[in-house]
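**Student:** Pasting a predicted model and its sequence here:
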Amino acid sequence: MLKWVGLVGCVVIMAAWGVSTVWAFSWTWPEGAGIRQCGLFYGFISFASLQGPAAPTSMMQGWEVERISTDDVPANGISAHGLVIRGLIPRSPGILRRPGGSNALFIPLWMPLILFAIPTAILWYRDRRPPTGHCQTCAYNLTGNVTGVCPECGETI
């Protein structure tokens, strides 16, 4: 069962990566004098805290989806989804700090993919079963064996 959950998780993460190269998804909510935002774009999951002048008051609250393009970034460096900073598309994980107390954490989707893929691969490997007609312990081919004992490992058939 867990191997299937892991497989579905890997597929969902890969699909999210593919979709996020074309579309940006974000959830924005007010907090104190600024806004908080979680987003998915350019193959990254992002968590941002925009404070002061970096926090546009006209920014929509709630869910937002838009087609992304680096050509559409306005002069203030913040697109409608708020996380494309002028001229910067994150290439590695890290924290982006801007003057005025704004921070953004970028996590590339390959990181959670690895966290799902390695245990899933181990579970699939451990769940391999020998084919019919083979010893269930050592996978020795028992074709023609009538003794009831595996000649390779001595296991009773």
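**Tutor:** Arrived safely.
**Student:** Hmm, Gly148 is touching Gly154, no?
**Tutor:** No: Gly148 is not in contact with Gly154 according to CB atoms under 8 Å; the separation is 11.3 Å. C-betas here are computed from N, CA, C, even on glycine.
**Student:** Leaving out the residues flanking it, which one is nearest to Thr143?
**Tutor:** Using CB to CB, 6 or more residues apart in numbering and skipping residues adjacent in sequence, the residue nearest Thr143 is Gly133, 5.8 Å away.
**Student:** immediately after the helix or strand of the chain with the lowest mean pLDDT, which helix or strand?
**Tutor:** Scoring the helices and strands of the chain by mean pLDDT, DSSP states H and E places strand 94-98 at the bottom, with a mean of 70. Next helix or strand after strand 94-98 toward the C-terminus (DSSP states H and E): strand 102-108.
**Student:** tell me the mean pLDDT for that following strand?
**Tutor:** Average pLDDT, strand 102-108: 83.
**Student:** Using PDB, write out every CA atom in it.
**Tutor:** In PDB, the C-alpha atoms belonging to strand 102-108 read as follows (Å, rounded to 0.1, in the frame of the first residue of the first chain):
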ATOM      1  CA  SER A 102      10.500  40.900   3.100                       C
ATOM      2  CA  ASN A 103      11.600  37.300   2.800                       C
ATOM      3  CA  ALA A 104      10.900  34.400   0.500                       C
ATOM      4  CA  LEU A 105      11.900  30.800   0.800                       C
ATOM      5  CA  PHE A 106      12.200  28.800  -2.400                       C
ATOM      6  CA  ILE A 107      12.200  25.000  -2.400                       C
ATOM      7  CA  PRO A 108      12.700  23.300  -5.800                       C
END
